[in-house]
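Peer 1: Got a sequence here, can you build the structure:
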Amino acid sequence: MLAAMSLVGASCNSGKTNIDSSSGNENVESLPAKVIQIAETGRTEYFEITVNKVVYRTFLRGAFTDGNAGEGNVFLLFNVTIKNIDNESRVPLEGSILINYNGKWYKYDSPEHLVDGFFMEPLNPLVRKTANIAYKIPAEIIGDIYWEPGRNPDNQFFYLGTKQLNSVEK
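Peer 2: Predicted coordinates for the structure are as follows:
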């Protein structure tokens, strides 16, 4: 976990993350050249993105499912503002979450579908939208969390903070 914490605001070799799905291990040196903090704005190929807030909840309103995280799980919920900086309509993609837990990297690339989310909704040029993105993760997990937005060839990562056991809202 210390190695991942040293990445916040630091420079590393650029390149896509490469997680071995069978082991969950990843070469820490392959993490992004730049990590963007909460409330800072980053740019991907077609979008300017700002992560506004991060919370953990056991229940989600506005989910297309029953909204319960289920026993032993929580929702990582974060609010983002995305602006289409291209000259044509583009669809923002949620991307994936990377969590360093007990020295091992885990990749979560299946977001929850929210009524107030992005769910395949195109944004017109220069239009901004603020919405929520949620991922179901194990409640037991503690560690540094990074978000890699979709459509992101420049390998921009957003640091979502360190999840603690007591950080869950009811």
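
Peer 1: Point out where this protein drops to low pLDDT.
Peer 2: Residues of the chain that meet the criterion pLDDT under 70 lie in 1-33, 62-65, 115, 119, 165-170.

Peer 1: Residue 125 versus the most centrally placed residue in it, what's the distance?
Peer 2: The centroid of the chain falls nearest to residue 147 when counting by Cα atoms, centre = their mean (2.6 Å). In this view, residue 147 and residue 125 are 24 Å apart by Cβ to Cβ, to the nearest Å. (Glycine included, C-beta is placed from N, CA and C.)

Peer 1: mind listing the helices for this protein?
Peer 2: Assigned by DSSP state H, the helices in the chain fall at 2-5.

Peer 1: if we can go back for a sec, tell me who's in contact with the nearest residue to the residue nearest to the centre of the chain once chain neighbours are set aside.
Peer 2: Sequence neighbours aside, residue 158 is the residue nearest to residue 147 in space, at 4.5 Å (criterion: Cβ to Cβ, 6 or more residues apart in numbering). Contacts for residue 158 (Cβ atoms under 8 Å, 6 or more residues apart in numbering) come out as 35, 36, 37, 38, 42, 49, 51, 146, 147, 148, 149.

Peer 1: Neighbour-wise, which one of those leads?
Peer 2: Each of those was scored by neighbours using other Cβ atoms under 10 Å; the highest score is residue 147's, at 25 neighbours.

Peer 1: Surely it touches residue 54?
Peer 2: No. Contact criterion Cβ atoms under 8 Å: residue 147 and residue 54 do not qualify, at 9.1 Å.

Peer 1: Now do the shared contacts for these two.
Peer 2: Common neighbours of residue 147 and residue 54, counting by Cβ under 8 Å, 6+ apart, are 78, 160.

Peer 1: Just the strands from the chain, written as ranges.
Peer 2: Taking DSSP state E to define them, one finds strands in the chain at 35-36, 41-43, 47-57, 73-84, 96-101, 104-108, 128-138, 143-148, 157-163, 168-169.
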